[in-house]
Each structure stands twice: as structure tokens, then as C-alpha cells.
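> A structural model of the following input is requested.
(one chain, ligands or ions: 2)
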Amino acid sequence: MIIKTLGKGSFATVLLCKDTQTHELFAIKKMNKKALKSKKAGKGKSAYDCVIEELKLLKRLEHPNIIWLHEIIDDQKKDHIYLVTEWLQKGTLGDLVAVKNRVFESPNKAAKEEGRDDEIRFVGLAPNKIRLYFIDLLKALYYCHKVANIIHRDIKPENIGINHNGEAVLIDFGVSADVENRKDDTLEQNMGSYMFFAPEMFLRGQEGGNEIKGERTDLWALGITLYFLLSGQYPWHGAKNPLQLKNIILETDIDF
Ligand SMILES: Nc1ncnc2c1ncn2[C@@H]1O[C@H](COP(=O)(O)OP(=O)(O)O)[C@@H](O)[C@H]1O
Ligand SMILES: [Mg+2]
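Ligands and ions are numbered 1, 2, ... in the order given. Take a look at the predicted model:
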């Protein structure tokens, strides 16, 4: 039984569902197979092939800071694939930062429109809480990289849930589309993910672009996540497209 929608992405809708027999609550991620199959992910594979491969691995993972995947339901005759996971009732770190910054939303908008940039304000979460979340995330990444040989590829506050114990849990594995296919998208559309890309990820297909080490790009994204949690904003400002963003990352100092 569906209770409500928890989140929506480009390929997926996440629903809160109740098992009518046991009354247990689960989060079910419903993904459109057609959309995933039509998205190329390199080496003759589609995003769907990548999702399936990675989900098989994910099903074997067992770590308190990684989303627990109960079941994958993939009926050949159906248009959707369903991932049944634990429900993270406290939402995501992205939600927590957004809630804190809601009070500044309209004054910030007005200040931006009127060019009063020095009046724009953002706040982060409490450092003592962030410290604990960060320890959880380092444990999760250590397990992914060194034990399970998995790269997350889309680490950001919206992909980090909080469980009933208040611990950080990595979600959204294996569904990150390939950077190569996103090259033409504008930042406005994909702002959330681009801001966490390591500079070498913009070089795919170019000289030096084949030496991308997945583990390092996850760590970079975790670093940007840390900055975002502390300050409520991204370390990079003023980019309108991925190329500008790459230049800003390579050429400007971070303001702490
Ligand atoms: N297990 C869960 N419990 C609670 N909320 C969730 C859960 N999984 C996802 N969500 C919510 O749904 C959103 C989208 O889910 P996600 O797995 O990140 O999909 P997408 O690939 O579309 O980004 C998340 O940012 C979060 O707000
Ligand atoms: Mg996500």
C-alpha cells in the first residue's frame, strides 16, 4: 500500500509503502526501464545494464551506513523496476540544510535580483552533528571502496539519508548517469550533481581524461558535501555551465 511520495528524480520516484500483512514500512524506488535503457553509459552499455550490475553487488552489501536493499523486483513484462529498501524516516542531509535556509529564501532572492550580493545569507548544520555524520560517511566509503569494490559516483547531501538512530546512510547507488552523456546539459538543470564533480570528471574523452580514479572522485564529492553541510552553500560561485564550473574549480581559491 502506497502512503506517500518521498522523492522524485529524473528516472525514479521513491514511495513510502506499507506491507499490509506485517504493517512494516519500506521505501520503494520505482525506476522507468525504458528511460534507463535509452540512456547510454559507455562501452555499449545502457544505464539500465549498469543499474542491474551494480544492484546485484549492492544486494550483497551489509553496512550500517549504507542503505539496506531488501529486494529487487524486475518483472520482464513490466515497465518499471522496483527497489525495496529501508525507509529513512528523517529524510536527507540535503533536506536538513534546505529547512535551515528556508528563512533566507525570499530575502536572498530579492537581494540577488537587486544585485545586493553581499546580503545573501546561508547557514549550515551544527559542526558537532556534521562531525558524526562525516565519520559515518567515511566508514561507508571505506567499506564501498576497500571491501566491496564499489564506487558510488553521486555523493551529495540529497543522496545521504538519516536513519532512526540519527546516523548518516548512503543512498542512490548505481543510478548515476555517465558524465559524458551530461556534457551538454546546463548547470541549472543538473546543478545538484555537477557541483560535486571533481575537475577531472569534466575532461572525459579529452587528454588525461581517461585516468579518472573513481575512489578519488567519491572523496572529492564528500569534501564538497562537507563544505556544503558546514556553510549551506557550494564552494563555487557564478558558473553557468560545466565548462565555466571546471575553470572556476581549477582557477579560484576556496573561501573558508
Ligand atoms: N530509503 C529512503 N527513505 C526516505 N527517503 C528516501 C529514500 N530513498 C530516497 N529517498 C528520497 O527520495 C529522493 C530521491 O531518491 P534517490 O534514490 O536519490 O533517487 P534519484 O536517483 O532520483 O536521485 C532522495 O533524495 C530522498 O529525498
Ligand atoms: Mg539521488
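> for the stretch 51-200 of the chain, what lies in contact range of ligand 2?
Asn159, Asp172 (CB under 5 Å from the ion). Heads up, the C-betas are built off the backbone N, CA and C, glycines and all.
> how about the residues of the stretch 51-200 of the chain by ligand 1?
The stretch 51-200 of the chain comes close to ligand 1 at residues Ile67, Thr85, Glu86, Trp87, Leu88, Thr92, Glu158, Asn159, Gly161, Ile171, Asp172, Val175, as judged by CB under 6 Å from any ligand atom.
> which residues touch the closest residue in space to the first one that isn't next to it in sequence?
Excluding the flanking residues, the one nearest Ile67 by CB to CB, 6 or more residues apart in numbering is Ile171, at 4.5 Å. Contacts for Ile171 were tallied using CB atoms under 8 Å, 6 or more residues apart in numbering; they are Ile67, Thr85, Leu88, Thr92, Asn159, Ile160, Gly161.
> how about 10 Å then?
Listed by CB atoms under 10 Å, 6 or more residues apart in numbering, the contact partners of Ile171 are 7, 14, 27, 29, 66-67, 69, 85-86, 88, 92, 152, 154, 158-161.
> now swap in Leu141 and tell me
Asn65, Ile66, Ile150, Ile151, His152, Ile155, Leu170, Glu215, Asp218, Leu219, Ala221, Leu222.
> apply 7 Å and report the result again.
For Leu141, the contact set (CB atoms under 7 Å, 6 or more residues apart in numbering) comprises Asp218, Leu222.
> Cys144 too?
Ile150, His152 are the contacts of Cys144 under CB under 7 Å, 6+ apart.
> separation between it and Asn163?
17 Å (CB to CB, to the nearest Å).
> ok, now Ile150?
20 Å.
> ditto for Leu219
Noted for Leu219: a distance of 23 Å to Asn163, by CB to CB.
> more neighbours, those two?
Neighbours per residue, other CB atoms under 10 Å: of Leu219 and Asn163, the larger number sits with Asn163, 18 against 15.
> OK, contacts around whatever residue of the stretch 51-200 of the chain ends up closest to ligand 2?
Relative to ligand 2, the nearest point of the stretch 51-200 of the chain is Asp172 (3.8 Å; CB to the ion). Contacts for Asp172 (CB under 7 Å, 6+ apart) come out as Asp154, Asn159.
> next: Lys30.
With contact taken as CB under 7 Å, 6+ apart, Lys30 is in contact with Ala12, Thr13, Leu15, His80, Tyr82.
> what do you get for Ile67?
By CB under 7 Å, 6+ apart, the neighbours of Ile67 are Thr85, Glu86, Gly161, Val169, Leu170, Ile171.
> pLDDT (mean, whole number) over the lengthiest helix in the chain?
In the chain, assigned by DSSP state H, the helix with the most residues is helix 214-231. Helix 214-231 carries an average pLDDT of 94.
> from the contact counts, what lies against that helix?
Using 3 or more CB pairs under 7 Å, 6 or more residues apart in numbering; DSSP states H and E as the contact test, the elements touching helix 214-231 are helix 93-101, helix 127-142.
> contacts for the shortest one?
Pointing back at helix 93-101 there. With contact meaning CB under 7 Å, 6+ apart, helix 93-101 is reached by 122-125, 133, 157-158, 160, 162, 168, 228-229, 232.
> quick check: nearest residue in space to Trp236, chain neighbours excluded?
Using CB to CB, 6+ apart, the nearest residue to Trp236 is Ile248, at 4.9 Å.
> all helices of the stretch 101-250 of the chain, in order?
For the stretch 101-250 of the chain, the helices defined by DSSP state H, counting those that start in this stretch cover 105-113, 127-142, 187-194, 214-231, 242-251.
> how far is stretch 27-46 from where the chain is centred?
In terms of CA atoms, centre = their mean, to the nearest Å, the centre of stretch 27-46 is found 16 Å from the chain centre.
> dump the contacts of Ile67 to CSV, plus pLDDT.
CSV is the format used below for these (pLDDT from 0 to 100):
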residue, pLDDT
Thr85, 94
Glu86, 95
Gly161, 98
Val169, 98
Leu170, 96
Ile171, 94
